[in-house]
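*Asks:* coords please:
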Amino acid sequence: MSCGCKTSGDSSHSCGTKSANGCESVNTCGNSYKLSVFDWLSNINNPSTSQTDFVEVRFKNDRKFFYKNVNNLPLHIGSVITVESSPGHDIGVVSLTGELVKIQMKKKFVTEDNPLKIYRLANQKDIEVWQESRAKEEPIKIQARKIAYGLNIDMKITDVESQGDGGKVTFYYTSDTRVDFRQLIKEFAGTFRTKIDMKQIGFRQEAAKVGGIGSCGRELCCSTWLTDFRSVNTNAARYQQLSINPQKLAGQCGKLKCCLNYELDSYLDALSDFPPSSSTIDTVNGKAFCIKIDVFKKKMWFAYVERSMAWYDLDVADVKKMIAQNKNGQKSAPLEDIKVLDIPVRSVDLIQENTIDRFERKSKNSGKNSTRKKPNNNNQRPNQNPDNKATANQPERKPNNPERKQPNQNKQPQNKQPQNQQNQKPAQNQKAQSDQPQTQQPKKFKKKFPPKRDDNT
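*Replies:* You can find the predicted model right below:
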C-alpha cells in the first residue's frame, strides 16, 4: 500500500497533494511526516553483491526502529507493514531502505543480533484495526489525565500511543519527581481494558512529540529534522556575545535553544584572532580593561580604571600591538589617540519603515499653508474675486447687500493684491458700493456655539 498522493513514498519526489490540511494520507506518505529521511543513494547501484535485509520503520511521531526483512518482501519507502511486537504485532510505515539503514544502525548503536522480524505487508483488516486504535488515542489521553489528577499524582501525560493490534497502550509522561504507579496502573487497566506501558520522557522529547512554532517563525527543529539532542550550556551564548536572558534563550521546552550550537563553531574561529577578554593595557594615562567585544567588526572596547564610563573602541590589531608593548616593559599611547573615528553613514529608508505617518495621505500644499498666517476678518478686507467664487484660502463671497454697512474703507488691508487684480472689479460691485450710505456702523457677527459633547465617542 502506498501514499494517496501517488508518489509511493519515493524520497526523490515531493507530496503532490496541495490542500489546506496537507496530505490526505499522512500516515502512509513518505514525505509528509516528521523527521523524514532523504535517500540520496536511491539512484545509485550498490557495488557490493550483498544487500542489507534491514529496513527502518516509523511509528507514531518520531519513534523509529529497525526490522529484518526475513521473507524478502518488495518494500519501499511508504509501505505499510506488520512487524513483530511484544505482545502481538504492530503496524508501521517503512521510512528508509538500502545502504543508509546500515549507517543509521551504526550511528544509533543497534546490533544485528536477535533482530525483530517483519511479518507481512499490512492487509485491509490490519489497517482498519490500526486506524480504529489511533482514533481512540485522544479520548484515552483526556481520560487518563483526569484519573491522574484525581489521584493527586505530580505528572503530566504528554502523549498516548496505541499498538497496531490494540493490545497495548503506551503513555508518555513528564515529571520532576519520582512517581508511584501502583494505584495509577490499576486504574488505567480497569478503565481501558488493555496492557499499560508507562514511559518517562524529558522536556525536549515532549516538545518534539507535541510540535510547535519557534521564535524564528518556523516549526521546531526537534519535531522536523533534528534526530538527536546535544547538550547546550550558557557558554555558547557568552561566546556569541548574547545577553544571558532566560526568556530569550529558552525554547518551547523551557531549556536552552538547540540553535545556539549551530553557529558556535564560526564564532569560535573568529574569536581565535582576538586577545583574551580579561587582558588589560597599561597606557600613559593609566590602566585600561576590556568591556565589550564586537566579533563582526573586529573591535574591542576599553575604558580606564579611573574613568570607567568613557569607552574607546580599538581594532584588534592595535590591541595586539599595545599588549606586545606592555610585555616589552613599555607603556602604550593613550586610548584617545588610537581611538577609531567612525564616520556615520546616513542610510536612506526607501520603504519608510521608520516613518510613523507613512500611511497618511498628505496634501501637496500642506507645507506652504502651514506657515501662512490666517487673515483677521475684523481688520482687513476680504479678497475679491471677479467671478465671485471661493478660492483655496477664502470662503465663497456672498453678494453685496445694500442694507449692510461696509467697514471703514480708509484702512489698508494687510494682504495687498496686485494692482491689476484690484482694478478688475465688476461694474455692478462699484455701483452697489456708491449707493451705500456713508455712515459707518459696526459689523454684526453671528454668535457661534461650541459643538455638542458626545459621551459615546
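*Asks:* Distance-wise, check residue 174 relative to residue 159.
*Replies:* Residue 174 sits 10 Å away from residue 159, going by CB to CB, to the nearest Å. No exception for glycine: its C-beta is placed from N, CA and C like everyone else's.
*Asks:* And residue 218, by the same measure?
*Replies:* 22 Å.
*Asks:* between the two, which one's more packed in?
*Replies:* Neighbour totals were compared for residue 218 and residue 159, and residue 159 leads with 18 against 9 (other CB atoms under 10 Å).
*Asks:* List the residues that contact that one.
*Replies:* Going by CB atoms under 8 Å, 6 or more residues apart in numbering, residue 159 touches 60-61, 141, 171-172, 206, 209-210.
*Asks:* quick check, nearest of these to residue 128?
*Replies:* Comparing the contacts of residue 159 against residue 128 with CB to CB places residue 60 closest, at 17.3 Å.
*Asks:* what number of residues lie near residue 224?
*Replies:* Residues within reach of residue 224, counting by other CB under 10 Å, total 14.
*Asks:* Can you list the buried residues in the host helix or strand of residue 158?
*Replies:* Using DSSP states H and E, residue 158 sits within strand 156-162. Within strand 156-162, the residues scored as buried using 16 or more other CB atoms under 10 Å are 157-162.
*Asks:* Also stretch 127-145?
*Replies:* Neighbour count says stretch 127-145 has 127, 129-130, 133-134, 140-141, 144 buried, by 16+ other CB under 10 Å.
*Asks:* where does the stretch 301-450 of the chain dip in pLDDT?
*Replies:* Within the stretch 301-450 of the chain, the segments meeting pLDDT under 70 span 340-345, 347-354, 358, 361-449.
*Asks:* related to what we said a few turns ago, overlap of the contact sets of residue 174 and residue 159?
*Replies:* residue 206.
*Asks:* ok so, going back, now tabulate the buried residues of strand 156-162 in TSV and tack on pLDDT and distance to residue 274.
*Replies:* Putting these into TSV (pLDDT from 0 to 100; distance: CB to CB, whole Å) gives the following:
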residue	pLDDT	distance to residue 274
157	93	49
158	92	44
159	91	46
160	93	52
161	93	50
162	93	56
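*Asks:* okay, now residue 177: neighbour count?
*Replies:* Neighbour count for residue 177, taken as other CB under 10 Å: 7.
*Asks:* that's a helix at it, yeah?
*Replies:* No: under DSSP: H, G, I helix; E, B strand; the rest coil, residue 177 sits outside any helix and is assigned coil.
*Asks:* didn't it look like it was pressed against residue 154?
*Replies:* Yes: counting by CB atoms under 8 Å, residue 177 touches residue 154, with 5.8 Å between them.
*Asks:* Can you get me the start-to-end distance on stretch 293-302?
*Replies:* 9 Å (CA to CA, to the nearest Å).
*Asks:* Give me the contacts around that stretch.
*Replies:* Counting by CB under 8 Å, 6+ apart, 240-241, 267, 270-271, 273-275, 277, 281, 288-292, 311-316, 319, 335, 340 sit against stretch 293-302.
*Asks:* So among the residues you listed, which ones count as buried?
*Replies:* Buried subset of the contacts of stretch 293-302 (neighbour count, 16+ other CB under 10 Å): 267, 271, 274-275, 281, 288, 290, 312-314, 316, 319, 335.
*Asks:* Which ones among the residues you listed map onto helices?
*Replies:* 267, 271, 316, 319, 335 (DSSP state H).
*Asks:* Relative to residue 456, which of those residues is nearest.
*Replies:* Ranked by distance to residue 456 (CB to CB), those are led by residue 267 at 58.3 Å.
*Asks:* OK, contacts around the closest one?
*Replies:* 239-240, 295.
*Asks:* would you turn those residues into a markdown table with pLDDT, secondary structure and distance to residue 45?
*Replies:* Listed next are these as a markdown table, based on pLDDT from 0 to 100; DSSP: H, G, I helix; E, B strand; the rest coil; distance: CB to CB, whole Å:
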| residue | pLDDT | secondary structure | distance to residue 45 |
| --- | --- | --- | --- |
| 239 | 90 | helix | 45 |
| 240 | 90 | coil | 45 |
| 295 | 89 | coil | 47 |
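*Asks:* now the closest residue to residue 179 other than its chain neighbours: how far from residue 112?
*Replies:* Excluding the flanking residues, the one nearest residue 179 by CB to CB, 6 or more residues apart in numbering is residue 155, at 5.1 Å. Distance, residue 155 to residue 112, by CB to CB: 37 Å.
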